[in-house]
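**Q** here is my input; please provide its structure:
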Amino acid sequence: MSKKKSSRKPVDSKQAEPSYQVGKVGHSGDIGRRKFIFLGVGTLAATGVGLAGAYNAGWFDSTSRASSTIAHSDSRNLPPVSLPADYPSALRAGSEMLEHYARDLNNASVLIHAIRGLGKNFKLADGTNAVDHLCSRYAADKEIKSKRYIYFKRDAEVHENSFLKTFLEAGVRPDQPIAGGGNRYHLSDLAESGKALFRCDAKDLYKYDDNQFRYDPSYFPARQAAPGQLIADSHGELIHEHLPWGLIAFSILTSPEKSSWTNVYGEVINLPAVIDQSLAEYESTCALGQQELAQGQPAPKNFRDAIKKYSCFGLHNIYSYLVCLKHGYHESDLAQRVSRMLDLVTYRLSGDAEAIDHEYAREGQGTPPQLVEAFRLRALIKLYGHSFEAINYAKLHHLVTFTPGQERRIQSGEQQFYESIVKMRAMDWGMLRKSLGEKFISDIVVALGHAARALKLLTPQNPDTIA
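**A** As a prediction, this is how the structure comes out:
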């Protein structure tokens, strides 16, 4: 565990808030509502605002006060459909929502997650291949020490190396063209650049958190930085926001026999050491809820507060260690440690879900029930989708042998997974769109990308194997 963690100065919240553009930066009148959507129920509760407080303060659009009996659907939204809570219906519902709204929203986040859940051949509404679209519009390059490197802009990919690892897992060809800075590159160049630009000190995972710099003003569009200006990347900590995607990409690209390299800054990267130390850090967080979860209790508040600092409840981290294991990384007892983490995930299927239910019930008092339900379902789909993506990946590649007790917890969680997806399909998305905005809809679609892939991994529809 990094010794520097407890001594770090808190990052200014205004600097830390990500841009998350959808098409373009919204006008100032949307700031309150977008702030609410970014924060989530846990942070709102900590500030004393809560769902009801945000609602009464006008953080939602005025249409959120409309009666639930009023239909808000329009031609852009799928009509609500009620389906049974079973696997075929969940698969249908998840795929329908992901495919329709990815094409409708057409932003980088939903498109990369549509590739995640539907495969590399997913096409936009105009027939353009989504991979080609992303690679032609969202990349940039920069020169360091007389050499140019290609990367995807942060406001597009959000998590560093997330496009790279998604393309790799989806089977995109190494010669896939990528345009950046007026120059032509390929996916193989992106892979080399990703390794060259990666900075991580395994002895101090927080070393570069306040010292990572980019020459790309799109990282923080609201600051209107001049081209070429150095901008500190205070978007988030490496281990919480970026590292899992790098571990996935680099473990795919680099065999254990060649797992050390020198980056462009002259720093030696030892991938097994990074895996070991980052997992140790993650294990210390999981230990906060181990006892209560293993006893079948809801996830305790201290664990929830800590795990929500990680993207998507820390479940990307679990998946990343499984990918490392699958590609031959076994140092530091990785197999047994990952097995223990997955055991905890099987308890979290109910423990985290109960905590989510309690949080939204508590914070949602005084807020229109349909809006509270939308937030609750979004959180559950995120929980179940990412959890079963990890569980089913482990099963697909025979990385873990689950015990009968674990299988019972998995089967129970699967049923709740199906139920959350079909309930979301039955909601009035037109009302949600007008009440909560495009960003909220986009976040649901992102969660559905992982959910759809989880549902398909063990079937012939596995999006990673589509030719």
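**Q** would you confirm that residue 382 contacts residue 316?
**A** No: if you go by CB atoms under 8 Å, residue 382 and residue 316 don't touch, sitting 10.8 Å apart. Every C-beta, even on glycine, is put in place using the N, C-alpha and C of the backbone.
**Q** can you pull the contacts of residue 124?
**A** By CB atoms under 8 Å, 6 or more residues apart in numbering, the contact list for residue 124 reads 103, 106, 111, 130, 133.
**Q** how about a cut-off of 10 Å?
**A** Shown in contact with residue 124 (CB atoms under 10 Å, 6 or more residues apart in numbering): 102-103, 106, 111, 114, 130, 132-133.
**Q** residue 98 too?
**A** Contact analysis of residue 98 by CB under 10 Å, 6+ apart lists 110, 113-114, 116-118, 122, 444-453.
**Q** quick check: closest non-adjacent residue to it.
**A** Nearest residue to residue 98 in three dimensions, chain neighbours excluded: residue 448, at 4.4 Å (CB to CB, 6 or more residues apart in numbering).
**Q** that neighbour: how many residues sit nearby?
**A** As a burial measure, residue 448 scores 31 neighbours (other CB atoms under 10 Å).
**Q** just the local confidence number for it, please.
**A** Residue 448 carries a pLDDT value of 98.
**Q** name the SS class of it, please.
**A** Three-state call for residue 448 (DSSP: H, G, I helix; E, B strand; the rest coil): helix.
**Q** show the pLDDT at residue 206.
**A** Residue 206 is assigned 87 on the pLDDT scale.
**Q** again but with residue 369, I slipped
**A** On the pLDDT scale, residue 369 is placed at 93.
**Q** count the neighbours of it for me.
**A** 9.
**Q** ranges for the strands of the stretch 201-350 of the chain?
**A** For the stretch 201-350 of the chain, the strands defined by DSSP state E, counting those that start in this stretch cover 213-214, 231-232, 260-262, 268-270.
**Q** the third one pairs with which strands?
**A** It stands for strand 260-262. Partners of strand 260-262 in the sheet, by DSSP bridges, are strand 268-270 (antiparallel).
**Q** give me the distance from the partner strand to the chain's centre.
**A** Mean C-alpha position of strand 268-270 versus that of the full chain (CA atoms, centre = their mean, to the nearest Å) differs by 26 Å.
**Q** so who does the residue lying closest to residue 188 once chain neighbours are set aside touch?
**A** Once flanking residues are discounted, residue 188 sits nearest to residue 174: 4.2 Å by CB to CB, 6+ apart. With contacts defined as CB under 10 Å, 6+ apart, the neighbours of residue 174 are 167-168, 186-191.
**Q** ok, now which ones touch the residue nearest to residue 98?
**A** By CB under 10 Å, 6+ apart, the residues touching residue 448 are 93-99, 101-102, 110, 113-114, 116-117, 378, 381-382, 385, 421, 424-425.
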